[in-house]
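Colleague: here is my input; please provide its structure:
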Amino acid sequence: MKTVKQFLEGLPEPIRSQALNNADPYFYTLEVDGPTDALSKAFIWLNTPEGPGYWEGVARTLEALTGAPAPTEAPKSEYVVQAHLYKVKESTQTIGQISSSTDVERIARRCYADGDIGIYESFHILMMARNNEVKAVAKISQGGVAGTVVDAKIVAKYAVDMMASAVIFVHNHPSGNLNPSIQDINLTKKLKDGLKLLDIQVLDHLILTEDSYYSFADEGRI
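Modeller: A predicted model of the protein is given here:
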């Protein structure tokens with residue numbers, strides 16, 4: 001089975017250059033089983049609100065490759081999950097294994113575009129191997145200035161899909177208040193108790209503000 005990058009590199013020109021120039025390199029290591037699968041996983045993120053309309057370009061590429069009409073709509077189900085899942089191995093090579101909350105903070109801040117931490121709240125999960133090397137990061141939800149809804153089933157799905165041995169949660173407080181709310185505390189306990197049944201350890205939960213962070217683990221609350 002090929003990876004997304006291997007598939008794209010095997011395309012004929014000029015499609016090869018166009019695909020490699022426009023695909024998200026975070027998806028390069030995902031395994032694929034055919035043209036539709038590869039191009040969907042390489043480009044589906046561009047059909048999110050951050051880049052609407054890119055599925056049309058993917059469809060034209062599929063048609064050029066196969067000579068058959070491409071699907072009229074972007075793939076759903078499993079590909080929607082991949083839309084917010086991205087590998088961070090390259091970006092963590094200089095950090096190595098997670099050994100402290102400061103390591104987590106450096107990775108977590110890469111999940112946010114400039115200024116986003118002070119605008120809206122979002123929730124992310126870092127998934128790690130047994131040696132605490134970060135395998136992947138997933139954005140679970142995005143809300144408004146005062147909160148975001150976190151579905152425990154989605155958290156569990158990401159952790160299981162990545163065969164994570166441990167996870168760390170990260171979310172931000174646009175208000176700048178570092179103190180965890182009652183909801184934050186209850187959610188952390190709920191997720192920790194649920195993942196424990198799957199033998200997945202919750203190592204920490206970070207709350208980010210624009211210039212600081214709060215660590216549940218550092219404060220003895222995990």
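Colleague: least confident secondary structure element in the chain?
Modeller: The weakest-scoring helix or strand in the chain, judged by mean pLDDT, DSSP states H and E, is helix 78-82 (a mean of 36).
Colleague: just the element for the closest residue to Ser212 other than its chain neighbours, please.
Modeller: Spatially, and ignoring its direct neighbours in sequence, Ser212 is nearest to Leu178 (6.1 Å; C-beta to C-beta, 6 or more residues apart in numbering). For every residue, glycine as well, the C-beta is placed using N, CA and C. For Leu178, there is no enclosing helix or strand under DSSP states H and E.
Colleague: can you count the residues close to Lys153?
Modeller: Counted with other C-beta atoms under 10 Å, the neighbours of Lys153 add up to 7.
Colleague: surely it forms part of a strand?
Modeller: No - per DSSP: H, G, I helix; E, B strand; the rest coil, Lys153 lies outside any strand segment and is helix.
Colleague: just the pLDDT at it, thanks.
Modeller: Lys153 carries a pLDDT value of 91.
Colleague: one more: Val137?
Modeller: What the model reports as pLDDT for Val137 is 80.
Colleague: please report how far it lies from Asn177.
Modeller: According to C-beta to C-beta, to the nearest Å, Val137 and Asn177 sit 24 Å apart.
Colleague: the more surrounded of those two?
Modeller: Val137 (25 against 11).
Colleague: which helices and strands does the helix or strand encompassing that one pack with?
Modeller: Using DSSP H and E, Val137 sits in strand 134-142. Packing partners of strand 134-142 (3 or more C-beta pairs under 8 Å, 6 or more residues apart in numbering; DSSP states H and E): strand 85-87, helix 89-92, strand 122-128, helix 152-161.
Colleague: buried residues, it. List them.
Modeller: Neighbour-count burial for strand 134-142 flags Val134, Lys135, Ala136, Val137, Ala138, Lys139, Ile140, Ser141 (criterion: 16 or more other C-beta atoms under 10 Å).
Colleague: ok, now how distant is the first one from Leu8?
Modeller: In other words, Val134. Taking C-beta to C-beta, one finds Val134 at 25 Å from Leu8.
Colleague: equivalent analysis for the fifth one, please.
Modeller: Here the distance between Ala138 and Leu8 works out to 23 Å (C-beta to C-beta).
Colleague: now swap in the fourth one and tell me
Modeller: The gap separating Val137 from Leu8 is 22 Å, by C-beta to C-beta.
Colleague: what does the last one give?
Modeller: Distance from Ser141 to Leu8, counting by C-beta to C-beta: 30 Å.
Colleague: can you spell out the domain ranges of this structure, please?
Modeller: For the chain, automatic domain parsing gives the domain ranges 2-82, 86-215.
Colleague: rank these by mean pLDDT and give me the bottom one.
Modeller: Of all the domains of the chain, the segment with the smallest mean pLDDT is domain 2-82, scoring a mean of 56.
Colleague: just the strands in the protein please.
Modeller: Here the chain has its strands, by DSSP state E, at 2-3, 31-32, 85-87, 122-128, 134-142, 166-172, 201-208, 213-215.
Colleague: between the ones you listed, which gets nearest to Gly194?
Modeller: strand 201-208 (9.4 Å; C-beta to C-beta).
Colleague: just the buried residues of that closest one, please?
Modeller: Gln201, Val202, Leu203, Asp204, His205, Leu206, Ile207, Leu208.
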